[in-house]
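Enquirer: Sequence below, structure please.
(one chain, ligands or ions: 1)
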Amino acid sequence: MTAASSKSPPDRPLASRPPHALALFDFARAEGELRGVVPLSALPRLRDLLASDAGAPVEWTLRGFQRERAGMRPQAMVVLHVHAELGLICQRCLQDMIQEVDDAVEFRLVVDEPPLTLEELEAEDEALPAQDPVDVLELIEDQLILALPLVPMHAVCPQGPTAEQSPATPGAAAQVERQHPFANLRELMGNTKKRGAS
Ligand SMILES: [Zn+2]
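Expert: Numbering: from 1, shown residues only. The predicted model follows:
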């Protein structure tokens, strides 16, 4: 995975856009690997959640493989790695901030979306229905949205919390709410499945 974060570009040209219809079972069987860079303008659902277009384009890597486990049939898998720098509003000082997202998720390819069993709820990966070709751009966008922090904050605020933006200001709290339309969904998903440790 070190190649994914390498700053020097590989010899082959980067795919500018992720494939809109990729047969993931074949991709996993062939142990395929794709990588590229996506501008935020190609990710409108994510962009709606951001405070600004500041930050770098999204780097992504998709790798297919077969997971072998003793006593089990080989399982078709893909791992999607995304790296992005996203413009958000710090919820402590209410100033612009850049949130780095560096997230890898393993997907276990399945034919149908099955009802979740207890085992699957506790699984370290996520089931991904892949009987039809999958839109990799959508997958990347979903993963970035889920990786957004519930409460983005500077590690150290540039000016520290300011008196004029104190929590007592009624407008500030309302602004925080509007900033995170996705917070509830993220919370919901956190309750139903564990995501891979990253
Ligand atoms: Zn801050």
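Enquirer: Please count neighbours and contacts with C-alpha atoms only from this point.
Expert: OK.
Enquirer: Apart from its chain neighbours, what residue comes closest to Leu88?
Expert: Sequence neighbours aside, Ala51 is the residue nearest to Leu88 in space, at 4.8 Å (criterion: C-alpha to C-alpha, 6 or more residues apart in numbering).
Enquirer: Tally up the residues packed near that neighbour, please.
Expert: Using other C-alpha atoms under 10 Å, Ala51 is surrounded by 16 other residues.
Enquirer: Strands along the chain, start to end?
Expert: Taking DSSP state E as the criterion, the chain contains strands spanning 33-38, 58-67, 75-89, 96-110, 126-129.
Enquirer: Comparing these, which comes out most buried?
Expert: Ranked by average neighbour count under the criterion mean count of other C-alpha atoms under 10 Å, those are headed by strand 75-89 at a mean of 22.
Enquirer: what helices or strands is it leaning on?
Expert: Packed against strand 75-89 by the contact rule (3 or more C-alpha pairs under 8 Å, 6 or more residues apart in numbering; DSSP states H and E) you find helix 24-29, strand 58-67, strand 96-110, helix 136-147.
Enquirer: in the first one, what counts as buried?
Expert: When neighbours are counted by 16 or more other C-alpha atoms under 10 Å, the buried residues of helix 24-29 are found to be 24-25, 27-29.
Enquirer: Could you export these to CSV, including columns for pLDDT and distance to Ile140?
Expert: As requested, those are arranged in CSV below (pLDDT from 0 to 100; distance: C-alpha to C-alpha, whole Å):
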residue, pLDDT, distance to Ile140
Leu24, 96, 14
Phe25, 95, 18
Phe27, 96, 16
Ala28, 97, 17
Arg29, 95, 21
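Enquirer: which one of these is nearest Leu137?
Expert: Using C-alpha to C-alpha, Leu24 is the member of the buried residues of helix 24-29 that lies nearest Leu137, at 13.3 Å.
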